[in-house]
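In: please find the sequence and the predicted model below.
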There are 4 protein chains.
Amino acid sequence: MKKPWAGRFTDKTKKTVDVFTSSVSSDKRLWKYDIEGSIAHARMLKKQKIISAPDARLILDGLNGIKQEIQKGKFKFRDDLEDVHMNIEYALIKKIGPAGGKLHTARSRNDQVALDLRLFLRDEITEILKLTASLQKNLVSIAEKNIDSVMPGYTHLQKAQPVLLSHHMLAYFEMLDRDLHRFKDCAGRINVLPLGSCALAGTTLPIDRKYVARLLNFPSVSENSMDSVSDRDFIIEFLSASSLLMTHLSRLAEEFVLWNSGEFGFIELPDSYATGSSIMPQKKNPDVMELIRGKSGAVISNLLGMFIVLKGLPLTYNRDLQEDKSPLFETVDTVKACLSILVEMMPLIRFKRQAMKKAAESGFLTATDIAEYLAGKGVPFREAHRVTGEIVKYCINKKKSLPDTDIKEFRRFSKEIDRDIYKYISVEASINRRDSYGGTARKRVSERINKLKKICDTK
Amino acid sequence: MKKPWAGRFTDKTKKTVDVFTSSVSSDKRLWKYDIEGSIAHARMLKKQKIISAPDARLILDGLNGIKQEIQKGKFKFRDDLEDVHMNIEYALIKKIGPAGGKLHTARSRNDQVALDLRLFLRDEITEILKLTASLQKNLVSIAEKNIDSVMPGYTHLQKAQPVLLSHHMLAYFEMLDRDLHRFKDCAGRINVLPLGSCALAGTTLPIDRKYVARLLNFPSVSENSMDSVSDRDFIIEFLSASSLLMTHLSRLAEEFVLWNSGEFGFIELPDSYATGSSIMPQKKNPDVMELIRGKSGAVISNLLGMFIVLKGLPLTYNRDLQEDKSPLFETVDTVKACLSILVEMMPLIRFKRQAMKKAAESGFLTATDIAEYLAGKGVPFREAHRVTGEIVKYCINKKKSLPDTDIKEFRRFSKEIDRDIYKYISVEASINRRDSYGGTARKRVSERINKLKKICDTK
Amino acid sequence: MKKPWAGRFTDKTKKTVDVFTSSVSSDKRLWKYDIEGSIAHARMLKKQKIISAPDARLILDGLNGIKQEIQKGKFKFRDDLEDVHMNIEYALIKKIGPAGGKLHTARSRNDQVALDLRLFLRDEITEILKLTASLQKNLVSIAEKNIDSVMPGYTHLQKAQPVLLSHHMLAYFEMLDRDLHRFKDCAGRINVLPLGSCALAGTTLPIDRKYVARLLNFPSVSENSMDSVSDRDFIIEFLSASSLLMTHLSRLAEEFVLWNSGEFGFIELPDSYATGSSIMPQKKNPDVMELIRGKSGAVISNLLGMFIVLKGLPLTYNRDLQEDKSPLFETVDTVKACLSILVEMMPLIRFKRQAMKKAAESGFLTATDIAEYLAGKGVPFREAHRVTGEIVKYCINKKKSLPDTDIKEFRRFSKEIDRDIYKYISVEASINRRDSYGGTARKRVSERINKLKKICDTK
Amino acid sequence: MKKPWAGRFTDKTKKTVDVFTSSVSSDKRLWKYDIEGSIAHARMLKKQKIISAPDARLILDGLNGIKQEIQKGKFKFRDDLEDVHMNIEYALIKKIGPAGGKLHTARSRNDQVALDLRLFLRDEITEILKLTASLQKNLVSIAEKNIDSVMPGYTHLQKAQPVLLSHHMLAYFEMLDRDLHRFKDCAGRINVLPLGSCALAGTTLPIDRKYVARLLNFPSVSENSMDSVSDRDFIIEFLSASSLLMTHLSRLAEEFVLWNSGEFGFIELPDSYATGSSIMPQKKNPDVMELIRGKSGAVISNLLGMFIVLKGLPLTYNRDLQEDKSPLFETVDTVKACLSILVEMMPLIRFKRQAMKKAAESGFLTATDIAEYLAGKGVPFREAHRVTGEIVKYCINKKKSLPDTDIKEFRRFSKEIDRDIYKYISVEASINRRDSYGGTARKRVSERINKLKKICDTK
């Protein structure tokens, strides 16, 4: 078949070039948005009398017919027709005759693909926002159910201070909340109509871009045609937001892998979400978590890939931009799959409260409480810190925990320590006294849970 | 000197470890923010009666004294004091005695460094916003001055359609405008007070975080102490926004490198912004532009580096996070340097209007106008495109331009072509008739310039 | 179906987990190597009497049967069977009964997948080496045919000194040659048998790894079982070598995009390797080159992705490693596709010798020759450079080329300049006198071509 | 001061441009190599009679004088002199007069900087090879000392099978060994003389490149002048090898961070290599390990940055290449610092043998041994695996370890199990029976240690 743009060409395109340059295998996924955009474009062409009403009718009917064929799996996409746009246009012309050739009036594939990508991503972000909100809901629910569970809080993977499991879980709520806002900001910048920019310079035909924007539910139209066809900022921004979300999920996954180890033993994964070993019969592996952690690599690298592609391109459209689709689609799929499986799995994870509590009780996690106790009595914090450090060293040598240490032993290190010290150095006391805003005290965390439950309900 | 945290340690830190782990050489740059945060913290400790008024006075005077010493270059930062925080605290204690040891009450380096970084970045983003707005102003000004200049618009680095130089320049305005919005969104998320999260779990002391927030001009305080000390999202988001800005500057630089080549010959760089060759006496190289293009690589890789650091870290603070400083500082410096030099240089670039115009007149850039002319007469666009393609092939063979082609020759390809075709195929006509919204018609571009001038004036 | 490792599990794996964790869609591509490895493994088990001869016979026949089914497209890979290994093993058991269950004796999927990947990559590198050598042959052939063509050599995209087109083309020969060596070094490190490392610690059964190595043509076996199952260095190294090769192809592509522009006009692409525009009838775009340039981004980002995956993993196998397949396969396919299309296309590119020569004649490219002429007369090079710079400035102002400049004018700048200067400042003279080793003189380049032709013939 | 290349320029370079384009602050580090290369160049110029013997004498004395000044810290590098090359040349001319201007005859900064970088990297790789070999020696020594220590081997961070600590440590030996080979391969490709390529095309002067190569100890000279000045492959390859080395160190660091946690408790870090907390007095943090893990991010991102810089550059030299220095230098410093601190620290880490052994004894790590026991009796492995899985499930429910399980209980699951099973399921037996080549049996590991000790001694 002769290419639709082959007027000035003498020789036919080589088959190998068709294959090398074709993007159909990947961009056919955009068919729904391509047709949606074409329908709006055709309606505008008719309203502006650029094409006749009967031609418009034929085109609209034809496009709807193609839509149904694709939905029913009856449409055959062809590599030698380059991309989803040409496949659909070619099918349209075959179906309705020369009128089909009028659809491409006053547009170019350059603005068409920019439109398709924006329509696609607008939908996908909506989906991602929903999944993220569901995961947040999970976290709040886990936090509420486990409000009694204490565990060690870590810095440097060393036990640091006792915290509530709920507090730990809600830290991820906050991360996801920033993700939500970033995706929303990104969605706002996606929501601009590029169609009508044509190849790069606009068109000489009397189009009405604002009408198309209304039809497709875009609050605004792009301001500069050259920018519109070469802009992939919205993809980069989406990939950035996705990379950060995946980084959060990867950190969560890392923690669950740790907690699931025999050494930590803080959680039991549901059998139905773990896998075994082909050789070691006792194994129950946290594969889902490992894969989430691993998949973050692909998403971050997709972001990088887009920067590399864009970094040195002159205006306006360059074919390099075709390489935006594979990283975009892979990222959308990965992010949704990871969120979905977590949404399913999280409520089924069993937290081993006893093990967590026990872990919080060894390792001098309330040493800071002694230092703050001393600071509260007017000892300069640096001095209080030093004294406590020496108490800890003493206890390590004596193989004692802090609550097991005698008051006389304490007072050898500082005369400021009185019997009331024991009220400060239990795990429960340490947690509940940490009631500064944002702190881990049960009271604080419960307040936050109540607030978040309301927020989640309105989402 | 004994480390302030060495209470429980028996052996001293090795010198090589001091050097390996020290971040002073890089984070001393944060001194201003560290002191600013400490002053607010001390004022709060006093208000809450956690420290006495006289101690607070000593601390505030001491900190102001240190501030002046640093400003005057009299302060010596020491590697073995680990970081900027310990250097200043150590100096404070040396200066005012034990009271200095009370400053660190109810805070940790974990929330302290998070605060310092947020204060620092808040200031730097303000600077970057200003520079970006200045560059936008430059672009509007160039667009206004050159409203008469035409040039070829390119796709695939092939001449595509004639455009106004102003239109081309304003495409970059739009990119920078999205950058501005991204930096502002990021600034909003930076503007949250982390101080008071302490090591990871909040504090048992009766602090008032909202008071500190007011003193430091933060509209809100962070909600979860564990998140607050392990969160570096704001740095990633800043690096993302910076990488995209640098990608835009790199694309602009790429174009100027092209335009500055003998082959394009569209611009003349000012002598004072070009450099020569150590061996080839005739050279005048666009080094500034090449370096901007090259430096985008470092900024993008800094973003990547941060993702790698964060990707698998469990909560909360891990020392890996120290590696955030070098990429952050390098990025801030690079972005500001590139914007500054462009702001200086852009107004001095001479656009060679004649050369641009000449380039627009060869290469069949108005072929689309013929196709649209035919489409306007009811020829299906696909057919119109084919016919025009054949006209172009004919002209290439005959070595003729479109305006040089005789009406009889045109009509051999389509009877729909009349004498009025010549009104459509001049460069000027092609541009001015492309008056769809966002298009390159002079009328459209002038409208936009007028609007942007008003916007720039209010920035 | 119950999972083969489900002995200790109470609940069945969720369908969504099957889908999320399955790697079949990607790793089924390894089937040939999986069977090849299994055959060698079974032969060894028999030789060592770990399984009986009749069982071994059944297994070998079964595996060969499965091989044929897959080749004929009759084999159905199932997602719920996790991966290519389990799919084949399951089919084997179904086909030959319990004896099939003996194949997995003394191995694990951990060493099995390491083997499959090494076998796969060994083959693919052989392919890539061939394609790279073909492209090198192309370059030598182009260099030989165009030995008379001169063109401007560029630095900073500014005309610098005249060079032979052949010399320019052979620069890419050198790059590809380094690529060849890197791939060969990598192939050497791939060529180590990991099988027999089992899950991570070796096996208690009396296997003979060296026998398997001989059967599979591996010169050595791995030394440490824990390393063997967690090592993906060979994939990283392959991705590095590929990224650098793609960087070279991207640079070549960038040059061809430039040379194909109207402004340079140095080449004419064959119609059959260029594509048109859906809207602009005159366009003939270098899409293949743009895509090669763009695709380098994906390959480089795949390398990055693997580093991110590996960077913080403890020993030994972690499921994150499954994420090695998609970047590896995509890279292999991209590299081969880009090399192949270039091998096809390069001989068809038409170099426009006149345009190149003309470009070399304007722009003072022989200014260095004047400076070296003066240096040859004893003028310090720095002084000679300064004098020539002033001659160039004079010529720019007078709009004269160097050969058009009168001897008297020359001598105004330096008395050392004599009439013989004109022998130095023609493009041909400049090239031919640059006969230092590795220089662009025709003599030198011809010598190199002759040498390379011989090398290519032996490849 | 007037720029040495300013002949054709009318206006002076702006101060801001000097600062923006200057690379002195970074590349002054190359001074030693710059002088070394200049000395060889000058000697060749004299030998070839391109400069006179007295001039050569002046130049050599001048260069040696400058060398001494720099060594003594008396040399002042200036930003406005652009780079290290111009700083030294300028100083030379100032010192010895016009003869100094003759040094730059027949070379350009383009080949000069390529030479300096190769000389620098050749030295640094030698250093890195030594440090890597020292770390390997450490590992062998640790393996030898701990040949009696057993520990759990992990997959998916789940206990898998018992292994020797020595075997685990030697896995890192293998990784480092591959690193060594990669650095050596890279060193071979660095060891090619680029000098004499001049700006891009070679020179018209009768230079002798092979003589320079001999003086500077290069086994070969580069074949193509255009390639030579635009080639940065050797930097990319070095950064790749470094990234992989750092990935290995990061994995080791990750393990030590885990092992140092209270939950694992496998090691005790020396006090002198750990740091404390500014707030929590009990903390002893593995900062060195965390920083090594974190620093791997910077090195990997430097590799990426170089790819971004190079990816779309046309030949030959472009100023973007200046951006190679900062990532290269940072990488060299980071790699050496991480290796050095590990070499120091590794021998001081105390392995807690009892804790490791205890960990290996719980968690059914010898389940595979039961399965292999059954397979040895002719039970198909898949069946043996299933049976063992059910034994493990039974033991989990009964809270029994495998050795605690009664023979009657075992035989409920399979009649093939006899009393001799207890010889197979102790940790020691499991390890020692895993004596396949590369396996963890003490015999195998000891053999390997003896072999490696010999290899280390010859390094």
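Out: Thanks, I have the structure now. Numbering: from 1, shown residues only, chains lettered A, B, ... in the order given.
In: what is the neighbour count of the residue of the stretch 351-459 of chain A found nearest chain C?
Out: Residue nearest to chain C within the stretch 351-459 of chain A: residue A:352 (17.2 Å; Cβ to the nearest Cβ). All C-beta spots, glycine's among them, are computed from the backbone N, C-alpha and C. With neighbours defined by other Cβ atoms under 10 Å in any protein chain shown, the count for residue A:352 comes to 17.
In: give me the number of residues near the closest residue to it other than its chain neighbours?
Out: Spatial nearest neighbour of residue A:352, chain neighbours left out: residue A:266 (5.7 Å); criterion: Cβ to Cβ, 6 or more residues apart in numbering or on different chains. Around residue A:266 there are 24 other residues, counting by other Cβ under 10 Å.
In: repeat for residue A:409
Out: Using other Cβ under 10 Å, residue A:409 has 15 neighbouring residues.
In: looking at whichever residue of the stretch 151-300 of chain A sits closest to chain B now. What's its pLDDT?
Out: Chain B sits closest to residue A:202 of the stretch 151-300 of chain A, with a gap of 2.1 Å, by Cβ to the nearest Cβ. Note for residue A:202: predicted pLDDT of 96.
In: check contacts around it.
Out: Residue A:202 makes contact with A:196, A:225, B:434, B:435, B:436, B:437, B:438, B:439, B:440, B:441, B:444, according to Cβ atoms under 8 Å, 6 or more residues apart in numbering or on different chains.
In: doesn't it lie inside a helix?
Out: No. Looking at residue A:202 with DSSP: H, G, I helix; E, B strand; the rest coil, it is coil, so not inside a helix.
In: may I have the predicted confidence score for the residue lying closest to it once chain neighbours are set aside?
Out: Of all residues not flanking residue A:202 in the chain, residue B:439 sits nearest, at 2.1 Å (Cβ to Cβ, 6+ apart). Here the pLDDT value assigned to residue B:439 is 97.
In: go on, residue A:1?
Out: Note for residue A:1: predicted pLDDT of 56.
In: quick revisit: quick check: phi and psi on the residue nearest to residue A:202?
Out: Backbone geometry at residue B:439, expressed as degrees, to the nearest 10, gives phi -80, psi 180.
In: ok, it - contacts?
Out: By Cβ under 8 Å, 6+ apart, the contact list for residue B:439 reads A:197, A:198, A:201, A:202, A:203, A:225.
In: kindly report the same for residue A:30.
Out: With Cβ under 8 Å, 6+ apart, residue A:30 has these contacts: A:84, A:113, A:116, A:117, A:120.
In: just give me the neighbour total for the residue lying closest to it once chain neighbours are set aside.
Out: Nearest residue to residue A:30 in three dimensions, chain neighbours excluded: residue A:116, at 4.5 Å (Cβ to Cβ, 6+ apart). Number of residues near residue A:116 (other Cβ under 10 Å) recorded here: 27.
In: how about the contacts made by residue A:116?
Out: Residue A:116 touches A:27, A:30, A:33, A:34, A:37, A:84, A:85, counting by Cβ under 8 Å, 6+ apart.
In: my read is that the fourth one contacts residue A:89, right?
Out: No. In terms of Cβ atoms under 8 Å, residue A:34 does not count as a neighbour of residue A:89; the distance is 9.3 Å.
In: tell me which of the two has more neighbours.
Out: For residue A:34 versus residue A:89, the count of surrounding residues by other Cβ under 10 Å is larger for residue A:34: 28 against 25.
In: from chain B, how far out is the more buried one?
Out: Residue A:34 sits 17 Å away from chain B, going by Cβ to the nearest Cβ, to the nearest Å.
In: ok, the residue in the stretch 51-200 of chain A that chain D sits nearest to - contacts?
Out: Chain D sits closest to residue A:156 of the stretch 51-200 of chain A, with a gap of 3.9 Å, by Cβ to the nearest Cβ. Applying Cβ under 8 Å, 6+ apart to residue A:156 gives the contacts B:317, B:318, B:319, D:257, D:283, D:285, D:286, D:287, D:290.
In: give me the neighbour count for the fifth one.
Out: Neighbour count of residue D:283, defined by other Cβ under 10 Å: 26.
In: what number of residues lie near the nearest residue to it once chain neighbours are set aside?
Out: Nearest residue to residue D:283, sequence neighbours excluded (Cβ to Cβ, 6+ apart): residue D:277, at 3.8 Å. Close neighbours of residue D:277, defined as other Cβ under 10 Å, add up to 26.
In: what do you get for residue A:11?
Out: Residue A:11: 12 surrounding residues under other Cβ under 10 Å.
In: what's the pLDDT at the residue nearest to it when sequence neighbours are not counted?
Out: Closest residue to residue A:11 apart from its sequence neighbours, by Cβ to Cβ, 6+ apart: residue C:271 at 3.8 Å. For residue C:271, the model assigns a pLDDT of 88.
In: output the set of residues of the stretch 51-200 of chain A in proximity to chain D.
Out: Residues of the stretch 51-200 of chain A lying close to chain D by Cβ under 8 Å from any Cβ of the partner chain are A:152, A:155, A:156, A:157, A:158, A:159, A:160, A:161.
In: can I get these in CSV with secondary structure?
Out: Formatted as CSV, these follow (three-state DSSP):
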residue, secondary structure
A:152, strand
A:155, strand
A:156, coil
A:157, coil
A:158, strand
A:159, strand
A:160, strand
A:161, strand
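In: identify the farthest-apart pair in the residues you listed.
Out: Based on Cβ to Cβ, the longest span within these runs between A:157 and A:161 and measures 14.0 Å.
In: more crowded one of those two?
Out: Neighbour tally, residue A:157 and residue A:161, criterion other Cβ under 10 Å: the higher count belongs to residue A:161, 31 against 23.
In: so what's that one closest to, chain neighbours aside?
Out: Here the residue nearest residue A:161, using Cβ to Cβ, 6+ apart, is residue B:201, at 4.5 Å.
In: the one you found: what's it in contact with?
Out: If you count contacts by Cβ under 8 Å, 6+ apart, residue B:201 has them with A:153, A:160, A:161, A:162, A:163, A:167, A:431, A:434, A:439, A:440, B:225, B:226.
In: then residue A:165?
Out: Going by Cβ under 8 Å, 6+ apart, residue A:165 touches A:142, A:143, A:146, A:149, A:150, A:151, A:351, A:353, A:356.
In: which residues in chain A form strands?
Out: For chain A, the strands defined by DSSP state E occupy A:150-155, A:158-164, A:192-193, A:220-221, A:267-268, A:350-351.
In: got the ones you listed as TSV, with mean pLDDT columns?
Out: As requested, the strands of chain A are exported to TSV (pLDDT from 0 to 100):
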stretch	mean pLDDT
strand A:150-155	97
strand A:158-164	96
strand A:192-193	98
strand A:220-221	98
strand A:267-268	94
strand A:350-351	96
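In: quick revisit: now the residue of the stretch 151-300 of chain A closest to chain B: how far from chain C?
Out: Using Cβ to the nearest Cβ, one gets 12 Å for the distance from residue A:202 to chain C.
In: beta partners for residue A:275?
Out: residue A:285 (DSSP bridges).
In: was I right to think it contacts residue A:287?
Out: Yes. Look at residue A:275 against residue A:287 with Cβ under 8 Å: they come within range, at 4.6 Å.
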